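Novice: fold the following and give me the result.
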Amino acid sequence: MYAVRGCKRRILGILCSAAVAAAVGTASGQAHAQQQPAAGAKTVSPTGKGIAGGALLGAEVVMLTEGIIGIESVWPYPVFGVLGAAGGGVGGYFVEQADPAGMSAEASLYMLAGGMALVIPTIVVMLNATAYSFEEEEGVDKSGQQPPGAALPGGVPGGAPGAP
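Specialist: Below is the predicted model:
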């Protein structure tokens with residue numbers, strides 16, 4: 001049973017890695033929606049977008065990694081997720097500050113969009129890793145057999161029905 005579960009985790013890890021690789025590989029190098037701002041048009045400010053996007057991405061990277069490697073305990077997800085969010089928020093702040101004129105919000109917007117896009121996959125992977133498994137109940141062997149010393153169907157512990 002453990003081999004099947006480990007195989008499912010590997011397949012899930014490969015699929016998640018392939019999805020991230022596909023998203024990165026198909027992303028365009030430049031956005032062409034607006035070449036030059038029209039006279040009097042306001043540009044988008046990066047303020048806050050980099051911090052929020054970085055915090056989302058930081059938490060998601062940590063939680064996705066925990067889910068893919070198979071951490072079944074619940075407590076590491078919020079603890080290390082908050083630490084990842086703090087690190088990502090600090091990184092997002094410095095991404096915002098990288099543009100001295102504050103005129104280009106592309107990187108901040110990409111971080112925010114990426115963080116929002118990964119919320120649901122992160123939740124699915126985390127819940128899959130921490131889901132309750134009926135196979136882990138006490139007193140039930142993984143192979144479906146009763147543990148030694150358990151009463152057999154005849155009512156005699158450890159022996160055949162009617163045996164002395």
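Novice: contacts, neighbours, all on C-alpha from now
Specialist: Fine.
Novice: ok, now which ones touch the residue lying closest to Tyr77 once chain neighbours are set aside?
Specialist: Ranked by CA to CA, 6 or more residues apart in numbering and with sequence neighbours excluded, the top spatial neighbour of Tyr77 is Met63, at 5.9 Å. Counting by CA atoms under 8 Å, 6 or more residues apart in numbering, Met63 touches Tyr77, Phe80, Gly81, Thr122, Met126.
Novice: quick one: the helices in this protein?
Specialist: With DSSP state H as the criterion, the chain has helices at 2-26, 49-69, 76-97, 106-117, 119-130.
Novice: so which of these is nearest Lys42?
Specialist: helix 106-117 (14.7 Å; CA to CA).
Novice: can you give me the buried ones in the closest one?
Specialist: Across helix 106-117, burial judged by 16 or more other CA atoms under 10 Å covers Glu106, Ala107, Ser108, Leu109, Met111, Leu112, Ala113, Gly114, Gly115.
Novice: quick one, that helix and helix 76-97 angle?
Specialist: Interaxial angle, helix 106-117 versus helix 76-97 (axes from the mean of the first three to the mean of the last three CA atoms, to 10 degrees): 160 degrees.
Novice: what does helix 106-117 contact?
Specialist: 46, 49-54, 56-57, 60, 92, 95-96.
Novice: cool, and stretch 64-72?
Specialist: Stretch 64-72 is contacted from outside by Arg9, Leu12, Gly13, Tyr77, Thr122, Val125, Met126, Asn128, Ala129, Thr130, Ala131, using CA under 8 Å, 6+ apart.
Novice: with pLDDT and neighbour count added, can I get those in CSV?
Specialist: Below are the contacts of stretch 64-72 laid out as CSV (pLDDT from 0 to 100; neighbours: other CA atoms under 10 Å):
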residue, pLDDT, neighbour count
Arg9, 72, 19
Leu12, 73, 17
Gly13, 75, 19
Tyr77, 93, 22
Thr122, 93, 21
Val125, 91, 22
Met126, 90, 23
Asn128, 89, 16
Ala129, 88, 20
Thr130, 88, 15
Ala131, 85, 12
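Novice: before we move on, the earlier item: tell me the most buried of the helices of the chain?
Specialist: Most buried of the helices of the chain, by mean neighbour count (mean count of other CA atoms under 10 Å): helix 49-69, with a mean of 24.
Novice: pLDDT on that one, on average?
Specialist: Averaging pLDDT along helix 49-69 gives 93.
Novice: which non-adjacent residue is nearest Thr122?
Specialist: Spatial nearest neighbour of Thr122, excluding adjacent residues (CA to CA, 6+ apart): Leu64 at 5.6 Å.
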